[in-house]
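> have a look at this prediction, sequence included:
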Amino acid sequence: MPNRLAVILPVYLALYTLAYALAYAVRFDFDVPPEFVAIARETLPFVLTIKFGYCLLLREWKRTYRYVTVTDLAALGAVSMASAITILVFDVVVLQGIQIPRAVIYADLALSVLAVGV
């Protein structure tokens, strides 16, 4: 498929966005307080940039999921774990005054693996 990249990258972006939003919903039992909705909106561009950057850097989008192997799942886990660690560091070092809840970062890690890996 010659235009695979034009199709798969927006799908990855949508899945990452959905995973981040769902992580907030799960953390707050689907009743997210308004102050955390604001934090989610403010941090979403940074989180997506980090996750999408690792996806491109490690060429996650080149994998075929027709026949998933343990190597594919290990690579997906590496991309997701590196993203989560970078988001944690970014949250502590760069984001002053707003903080992403740790449970959201961990839930986002799990949901990203599930969303992209399934």
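Yep, that arrived.
> for the most centrally placed residue in the chain, pull up the helix or strand it's in.
For the chain, Y16 is the residue whose C-alpha lies nearest the centre (CA atoms, centre = their mean; 4.4 Å). Secondary-structure assignment from DSSP states H and E places Y16 in helix 4-27.
> helices or strands next to that helix in the packing?
The helices and strands touching helix 4-27, judged by 3 or more CB pairs under 8 Å, 6 or more residues apart in numbering; DSSP states H and E, are helix 34-57, helix 102-117. From N, CA and C alone the C-beta is placed, and that goes for glycine too.
> which residues are in contact with that helix?
Contacts made with helix 4-27 from outside it, assessed by CB atoms under 8 Å, 6 or more residues apart in numbering, are listed as 1, 32, 36-37, 40, 44, 47-48, 51-52, 55, 60-61, 101, 103-105, 107-108, 111-112, 114-116.
> same question, stretch 75-84
Judged by CB under 8 Å, 6+ apart, the contacts made with stretch 75-84 from elsewhere in the structure are 50-51, 54-55, 58, 60, 63, 105-106, 108-109, 112-113, 116-117.
> and it, what's its mean pLDDT?
For stretch 75-84, mean pLDDT is 90.
> for A19, which non-adjacent residue is spatially closest?
Ranked by CB to CB, 6 or more residues apart in numbering and with sequence neighbours excluded, the top spatial neighbour of A19 is L111, at 3.9 Å.
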